[in-house]
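A.B. asks: Build me a model from this:
(4 chains)
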There are 2 protein chains.
Amino acid sequence: MAVSKKEMSQCPIDAMLSVIDGRWKGTILWRLSDGPMRTGELRRSIPGITERMLIRHLQELVQDGILIRRQEAAVPPCVRYSISKYGMTLVPVLEIICTWGRKHLQHVNRAM
Amino acid sequence: MAVSKKEMSQCPIDAMLSVIDGRWKGTILWRLSDGPMRTGELRRSIPGITERMLIRHLQELVQDGILIRRQEAAVPPCVRYSISKYGMTLVPVLEIICTWGRKHLQHVNRAM
DNA sequence: GTTTGTACTGACAAATTTGTCAGTACAAAG
DNA sequence: CTTTGTACTGACAAATTTGTCAGTACAAAC
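C.D. replies: A predicted model of the protein is given here:
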């Protein structure tokens, strides 16, 4: 990613990228764009992700205001993540990124 | 960034991000969207970048087909980089990313 | 004949991100 | 009463990216 996540770049492109940049963040947002999910449910739906990374990314996305974390007072705990209203403004941007990415994959595969 | 640059993720979002992800790539593309530039000219126009990183990013962008490198046969060498036709398809996506990023910066600053 | 500038490479260190592993609390199931 | 599942933390190792530094070739300026 562009700039270390600790500092906030004043470049808008970097600011945007720092939000979605992370090994699994695109996938997490993609999954959640279908509706809220529990932590373990998300983990099982993303092959290859580890619990540690999932939780780190979820926490960052919550901190950035993109996701909302809701915990039911129960044992064992039940936590549900969903995309916030603010996070919803990100979804169309992701769609455009996705569209270009799809074309790029074709472009790359043609070259081989 | 999403996936190591060496392997090509089949996720379109990751595929797109792997192209623009890199500490300075956004800025480089931003500068070049105004027209071709020489290596040293670019370097001087981007405060903080080192020659090493500039060249590494330029080479990756050339490899991804986003930039074109033109060298004039002269000593001392004169190399000019420009955005390719294919790279031009990326510019509107960057603009959308930039627009969201600008709103996000405001959003963040309001919270402080 | 030393310095300056161009565009670049190689070797390596530092920083950052990602992954691994063990451990927490508590209840229900067996 | 041991195991299972939930959501999570901490310490650390591995991988990856970024930065630092020296060095290349050649011509023109001084």
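
A.B. asks: switch to C-alpha atoms for all contacts and neighbour counts from now on
C.D. replies: Fine.

A.B. asks: ok, the residue nearest in space to the middle of chain A - contacts?
C.D. replies: Nearest to the mean C-alpha position of chain A, by C-alpha atoms, centre = their mean, lies A:Lys25 at 3.0 Å. When contacts are counted by C-alpha atoms under 8 Å, 6 or more residues apart in numbering or on different chains, A:Lys25 touches A:His57.

A.B. asks: Please report the distance of it from DNA strand C.
C.D. replies: When distance is defined by C-alpha to the nearest atom of the strand, to the nearest Å, A:Lys25 is 8 Å away from DNA strand C.

A.B. asks: Show residues contacting the helix of greatest length in chain A.
C.D. replies: Criterion DSSP state H: the longest helix present in chain A is helix A:91-110. With C-alpha under 8 Å, 6+ apart as the test, helix A:91-110 has contacts from A:33, B:10-16, B:90, B:93, B:96-97, B:100.

A.B. asks: Swap in 6 Å and give it another go.
C.D. replies: B:12-13, B:15-16 (C-alpha atoms under 6 Å, 6 or more residues apart in numbering or on different chains).

A.B. asks: Which of those residues sits closest to B:Gly40?
C.D. replies: B:Met16 (27.3 Å; C-alpha to C-alpha).

A.B. asks: Once you drop chain neighbours, what's closest to that closest one?
C.D. replies: Leaving aside its sequence neighbours, B:Met16 sits nearest to A:Gly101 (C-alpha to C-alpha, 6 or more residues apart in numbering or on different chains; 4.4 Å).

A.B. asks: pLDDT wise, what is that neighbour at?
C.D. replies: Looking at A:Gly101, its pLDDT is 94.

A.B. asks: cool, and A:Gly48?
C.D. replies: Reported pLDDT for A:Gly48: 89.

A.B. asks: Make sure A:Arg31 is indeed in a strand.
C.D. replies: No: applying DSSP: H, G, I helix; E, B strand; the rest coil, one finds A:Arg31 to be helix, outside a strand.

A.B. asks: quick one: the helices in chain A?
C.D. replies: Remark: helices assigned in chain A by DSSP H are A:12-20, A:25-32, A:39-45, A:51-63, A:85-88, A:91-110.

A.B. asks: Run the chain-centre distance for the fourth one.
C.D. replies: Okay, so that is helix A:51-63. 9 Å (C-alpha atoms, centre = their mean, to the nearest Å).

A.B. asks: does DNA strand C sit close to that helix?
C.D. replies: Yes: Helix A:51-63 lies within reach of DNA strand C by C-alpha under 7 Å from any atom of the strand, at A:51-53.

A.B. asks: picking up where we left off before, the longest helix of chain A: which residues count as buried?
C.D. replies: Residues A:93-94, A:96-98, A:100-102, A:104-105 are the ones in helix A:91-110 that count as buried (16 or more other C-alpha atoms under 10 Å in any protein chain shown).

A.B. asks: mind saving the C-alpha coords of that helix as CSV?
C.D. replies: Output of helix A:91-110 as CSV, limited to C-alpha atoms (Å, rounded to 0.1, in the frame of the first residue of the first chain):
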residue,chain,number,x,y,z
VAL,A,91,-19.1,0.0,-2.9
PRO,A,92,-19.7,1.7,-6.3
VAL,A,93,-16.0,2.6,-6.3
LEU,A,94,-15.1,-1.0,-5.7
GLU,A,95,-17.4,-2.0,-8.5
ILE,A,96,-15.5,0.3,-10.9
ILE,A,97,-12.2,-1.0,-9.7
CYS,A,98,-13.5,-4.5,-10.2
THR,A,99,-14.7,-3.8,-13.8
TRP,A,100,-11.3,-2.4,-14.7
GLY,A,101,-9.6,-5.4,-13.0
ARG,A,102,-11.7,-7.8,-15.0
LYS,A,103,-10.6,-6.2,-18.2
HIS,A,104,-7.0,-6.2,-17.0
LEU,A,105,-7.1,-9.9,-16.3
GLN,A,106,-8.3,-10.5,-19.9
HIS,A,107,-5.6,-8.2,-21.2
VAL,A,108,-3.0,-10.0,-19.3
ASN,A,109,-4.2,-13.5,-20.3
ARG,A,110,-4.3,-12.5,-23.9
